[in-house]
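**Q** Following is a predicted model, sequence given first.
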Amino acid sequence: MANPNEQLVVAVSSRALFDLEQEHRLFEEQGYAAFRDYQVKMKDEPLAPGVAFPFVKRLLGLNKLFPGSEPFRVVALSRNSPETARRFFSSCRHHQLPIHAGAFTSGQSTFPFISAFRVSLFLSANPANVTQAIEAGLPGGLVLPSAVKDVDDDDPTLRIAFDFDGVLADDEAERRYQAEGLKGFTALELEKAATPHSPGPLRGLFEKLSRFQRLDYEQRGRTDPYFKPAIRISIVTSRGAPSEERLITTLKSFGMSAAELFLLDGLDKKDILQAIRPHIFFDDQLRHLEKIQTLMPSVLVPFGVHNQHKNAP
C-alpha cells in the first residue's frame, strides 16, 4: 500500500479542517491583508477542529494499524499564503495530526494541484473550488458549516456514509426520474439491471476504501475471531426494490467489499444516518444535507442534475 498509486490521498483546505469562520469573516469584511496579519499575529494559537477534522483524524489514525505502509495520506490545499501556513501546521502538531505536505498559493487557484498530489478526495469550504473540480471530473466535496464534534474517541472505527446516485454512480437514473417519474426510473433500472452505472465523482475513493477493507481483513481479520473492521462503509440511498439489482451490480463492478446498504424507498435519511453516526456523509442533494448538517459532518458533491438548478451552491 506504500505505492503512491495505491495510497489514498485526501486533500483538505484549511477552512475545511479547522474552524476558520471568524477569520473568513474578517477576510470578507476587511480584505486579505487584515486576514494575513491576524493569522501571523495568532500563529501560536491553535485552531479549533473544523467539520472535516473527525474524518481526517480517524483516517490518519488507521495508519497505526499498518506500520511502515501508510495507506492513508492527507495534504493541505490552501489559497492562504506561506506566512499563514505556519498556524495551520502548528495546529496540526497541536492536535497530533501527521500532515506534512501541502500547497499554499497566496490567493492563486489550488485546482492544478489536485491531480499533482494524486488526490482521491478534495474537501473544501469554497463552493467555486469544489465545483471547478467536479466539472473537471475530479473528486471534490463541499464541506457544509457545522459545529459537530467527534465525541466517540473510545471507538477508533472510521464510519463513512455515501449516497449512491450522483455520488458513487452517475446520475443517469436520477435524470430519468426527473423526466419521467418513478415509473420511468424503475423501468430504466430493470431494463439495465445487469449493466453497471458509469462512475460518479467518488467512485475512485470508494474503490480505494474497499481495497483497504480487504487488506484490513487479510492482515488482521483472518486470524482474529473478534475482528472489528477499521472502516465501516454505508450506502444510504432513497432507492427501494426492485432498483437494488442494478445498484448492487454497479457496486460489485466498483470492487465492493464490506459495504452496508440501506434502501429507504423514499423515506427520510435522517433517522438512519443518526443510527449510523458517520464521521462524514456525502450526498449530491443539498436538501438532504440541510436536515442533518448540524448532526454530523456533511459534504455536498455538486454533481449532476440536482446541481444545475436551485440546489447548486
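**A** Yep, that arrived.
**Q** Tell me which helix or strand comes right after the longest helix along the chain.
**A** Longest helix in the chain by number of residues, with DSSP state H as the criterion: helix 172-191. Scanning forward in sequence from helix 172-191 by DSSP states H and E, the next helix or strand is helix 203-216.
**Q** by contact count, what packs against that next one?
**A** Packed against helix 203-216 by the contact rule (3 or more CB pairs under 8 Å, 6 or more residues apart in numbering; DSSP states H and E) you find strand 8-12, strand 231-237. Where you see a C-beta, it was placed from the backbone N, CA and C, and this is true even at glycine.
**Q** lowest-confidence stretch among those?
**A** Of all the helices and strands packed on helix 203-216, the minimum mean pLDDT falls on strand 231-237 (a mean of 94).
**Q** residues in contact with that strand?
**A** 62, 157-165, 168, 206, 209-210, 212-213, 216, 247, 251, 257-264, 269, 272-273, 276, 278, 281 (CB atoms under 8 Å, 6 or more residues apart in numbering).
**Q** Could you rerun that using 7 Å?
**A** 157-164, 209, 212-213, 259-264, 269, 272-273, 276, 278 (CB atoms under 7 Å, 6 or more residues apart in numbering).
**Q** Return that strand as CSV; C-alpha atoms alone will do.
**A** In CSV, the C-alpha atoms belonging to strand 231-237 read as follows (Å, rounded to 0.1, in the frame of the first residue of the first chain):
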residue,chain,number,x,y,z
ILE,A,231,-13.6,1.2,8.4
ARG,A,232,-17.4,0.8,8.0
ILE,A,233,-18.8,2.0,4.7
SER,A,234,-22.5,2.6,4.5
ILE,A,235,-24.5,3.4,1.4
VAL,A,236,-27.7,5.3,2.2
THR,A,237,-30.0,5.7,-0.8
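**Q** ok and it relative to helix 203-216, angle-wise?
**A** Orientation check (axes from the mean of the first three to the mean of the last three CA atoms, to 10 degrees): strand 231-237 against helix 203-216 gives 140 degrees.
**Q** mind checking how far the following helix or strand past strand 231-237 is from the chain centre?
**A** Counting by DSSP H and E, the next helix or strand C-terminal to strand 231-237 is helix 244-253. Helix 244-253 has its average C-alpha position 21 Å from the chain's average C-alpha position, going by CA atoms, centre = their mean, to the nearest Å.
**Q** Can you give the contact residues for helix 244-253?
**A** Applying CB under 7 Å, 6+ apart, the contact partners of helix 244-253 are 164, 169, 189, 192, 193, 194, 196, 197, 239, 259, 263.
**Q** List the buried residues of the helix or strand just after that helix.
**A** Next helix or strand after helix 244-253 toward the C-terminus (DSSP H and E): strand 259-263. Neighbour-count burial for strand 259-263 flags 259, 261, 262, 263 (criterion: 16 or more other CB atoms under 10 Å).
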